[in-house]
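Q: I'd like to go over a predicted model; first the sequence, then the structure.
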Amino acid sequence: MKKFILVLALLSIPTFGLMLRSGIYTMHDFHVFRQQQFEKCLIQTKNFPCRWSPDAGLGYGEPVFNFYGQFPYWIGEIFRIMKLSVLDSVKANFILSILASSMAMYFLARKFWSNTGALVSALFYAYAPYRAVDIWVRGALPESLAFVFFPLILLFIKEFIETNKNKYLFWLILSLSGLTLTHNLSLLIFIPFGLIWGVYWWLRSTKSIHIIYDLISAGLVGALLSAFYLLPVLFESSLVTLNQTTIGYYDFHIHYATLKQLFLSTFWGFGGSTWGPNDTMSFAVGQMHWILAVLLVVFVFIKKRNIETLFFVSLGFLAIFLTHGKSDLIWNIVKPMAYIQFPWRFLTMSTLFLSLAIGSMTKFLPRILTPLLLCLLLLLNTNMFRPDIWRNITDTEQFSGRLWDEQRSSALSDFWPKSASSLPNAFAPFVPEVMLNTRYPIVYFPGWVARVDGKKINVFPSGDLGLVTVQVPQGKSVTLSFEDTPVRRIGNIASLITLLCLIIWIWKKS
């Protein structure tokens, strides 16, 4: 098995090899900025978990990390401790997402196919067009890291159903929590497929209904472990403009993929998703992925074996269906799906299940054809894993001048507090405004606390931008800090207690 893992790692290098140089490439998302802000939040507020992005919102700050998954930035901080620059830490995170997800798929596929079949599945998982879109076009770091957890969750569900061993339930809980804290939209996309997966393998087993109860309990415990994040999302989202992320450009109705884009188009671009079929980025399933999946269905019916392949292919094509306008009725009925924004995000699931299925090709094809199959995959898809524009810059250049202003302006309306009646149209000043009261260039959000001589004084929003305002006693200095609200404290405590209970439980059961 070790040699297969080594081969997998070596053959994965073309997916990230161009990152192994100084600088950073252009991308849609601003995770370089968020990594820098996460670290700045930890240093300035000394709070963990971090919840405030001090320079977002044109410098007025926003509670970004109160609502956005933090796990990718925790990993980034590990790289920072290892003395990597912020730019290199983000690139290292992307590289980790490729290697770790490939390994995760390898171990899942090995449950069904040989080591060779598992290698095939893992490489198809790494070289899927949508993986290149996530990493090299969108720069969607959380979604890219979510690919690590998808195969792990499926693996631990199946292992627990087969063995009823608590260790698999423990790892399932950690994986579910990891996915939650990495990218909640990926969790929302994955849940129905995970449920179908669990029910399918339970029906094929001889285990009692109690296995299902245990799996449901694992999901609930995973939610409790993530409570420090989930509770603010559930109870404080109404305090920010998060609902703006489902309207206008983010209305899912205008982002369905066409059949040509999904199955036939070889277009590759670094633009975005737009109204109609003239998008300037790829929504390809991967021609090798879907063609081989169709061939597998034919082989299974002819050979009358490897029936589970049909299950995997069916899930893959169900995911493809959800990217297309014909699934509009489902999107309209299931209201939470609106937060997914882009139906083509279900390419995550088609990539997962079609890649898993393709490993079974080694059961039908002569052994000599497997290397040719992999060579063809690399030949056709490697060119997708490249940057649009490479900027040979340092952290200092990234976080100064025009680039700095561009990052501080990003995603302004996603997490803007409703204490403000309008969005800012200029960058925040550097000093407070002193009138009858002192108004700080910080947008108000519950959690801001002011102290004079160690005692709390009243903090309230004022003006169109809802800025943090305090009445300062004459001759006194004020200390501002961003602290947890009762909801956040309850979430923190619930997560900590759940973690301790999990450790005790697995220690006693081992």
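A: That came in fine, so what should we check first? Numbering: from 1, shown residues only.

Q: the closest residue to residue 194 other than its chain neighbours sits in which helix or strand?
A: Among residues not flanking residue 194 along the chain, residue 153 sits closest, at 6.1 Å (C-beta to C-beta, 6 or more residues apart in numbering). C-betas here are computed from N, CA, C, even on glycine. Per DSSP states H and E, residue 153 falls inside helix 141-163.

Q: contacting residues around the helix or strand that that helix is followed by?
A: Using DSSP H and E, the next helix or strand after helix 141-163 towards the C-terminus is helix 166-182. With contacts defined as C-beta atoms under 8 Å, 6 or more residues apart in numbering, helix 166-182 is touched by 69-72, 142, 145-146, 148-150, 152-153, 156-157, 159-160, 186-187, 190, 214-215, 218-219, 221-223, 225-226, 229-230, 502, 505-506, 509-510.

Q: can you check stretch 434-443 too?
A: So stretch 434-443 is contacted by 57, 59-62, 416-417, 419-420, 428-433, 448, 461-463, 465-472, 478, 480 (C-beta under 8 Å, 6+ apart).

Q: again with stretch 365-380
A: Counting by C-beta under 8 Å, 6+ apart, 11, 14, 116, 119-120, 123-124, 127, 287-288, 361-362 sit against stretch 365-380.

Q: secondary structure and neighbour count added to those, as TSV?
A: Compiled in TSV, these are given as follows (DSSP: H, G, I helix; E, B strand; the rest coil; neighbours: other C-beta atoms under 10 Å):
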residue	secondary structure	neighbour count
11	helix	19
14	helix	16
116	helix	19
119	helix	26
120	helix	26
123	helix	26
124	helix	29
127	coil	28
287	helix	15
288	helix	19
361	helix	23
362	helix	21
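
Q: between those, which is nearest residue 82?
A: When these are compared for distance to residue 82 (C-beta to C-beta), residue 14 wins out at 24.6 Å.

Q: residue contacts, the nearest residue in space to the closest one that is not next to it in sequence?
A: Closest residue in space to residue 14, ignoring its immediate chain neighbours: residue 382 at 4.6 Å, by C-beta to C-beta, 6+ apart. Residue 382 makes contact with 14-15, 127, according to C-beta under 8 Å, 6+ apart.

Q: doesn't residue 382 belong to a helix?
A: Yes: with DSSP: H, G, I helix; E, B strand; the rest coil as the criterion, residue 382 is located in a helix.

Q: count of neighbours near residue 431?
A: 8 (other C-beta atoms under 10 Å).

Q: and it, how close does it get to residue 316?
A: 57 Å (C-beta to C-beta, to the nearest Å).

Q: contacts made by the strand or helix carrying residue 313 with the rest, please.
A: Element membership of residue 313, judged by DSSP H and E, is helix 308-321. Helix 308-321 is contacted by residues 112, 193, 196-197, 200, 262, 285, 290, 293, 296-297, 300, 327, 346-350, 352-354, 356-357, 360 when judged by C-beta under 8 Å, 6+ apart.

Q: can I get the buried part of the residues you listed as one ChimeraX selection?
A: The following ChimeraX line selects those of the contacts of helix 308-321 that are buried, judged by 16 or more other C-beta atoms under 10 Å:
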select :112,193,197,200,262,285,290,293,296,300,327,346,347,348,349,350,352,353,354,356,357,360
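
Q: out of the contacts of helix 308-321, list just those in helices.
A: 193, 196-197, 200, 290, 293, 296-297, 300, 347-350, 352-354, 356-357 (DSSP state H).

Q: pLDDT score for residue 303?
A: Model confidence at residue 303, given as pLDDT, is 85.

Q: then residue 243?
A: At residue 243, pLDDT is 75.

Q: how close does the residue lying closest to residue 443 once chain neighbours are set aside get to residue 208?
A: Excluding the flanking residues, the one nearest residue 443 by C-beta to C-beta, 6+ apart is residue 60, at 4.4 Å. As judged by C-beta to C-beta, residue 60 and residue 208 stand 56 Å apart.

Q: what does residue 436 give?
A: 70 Å.

Q: ok, which stretches of the stretch 401-510 of the chain are helices?
A: Applying DSSP state H, counting those that start in this stretch to the stretch 401-510 of the chain gives helices spanning 401-408, 486-509.
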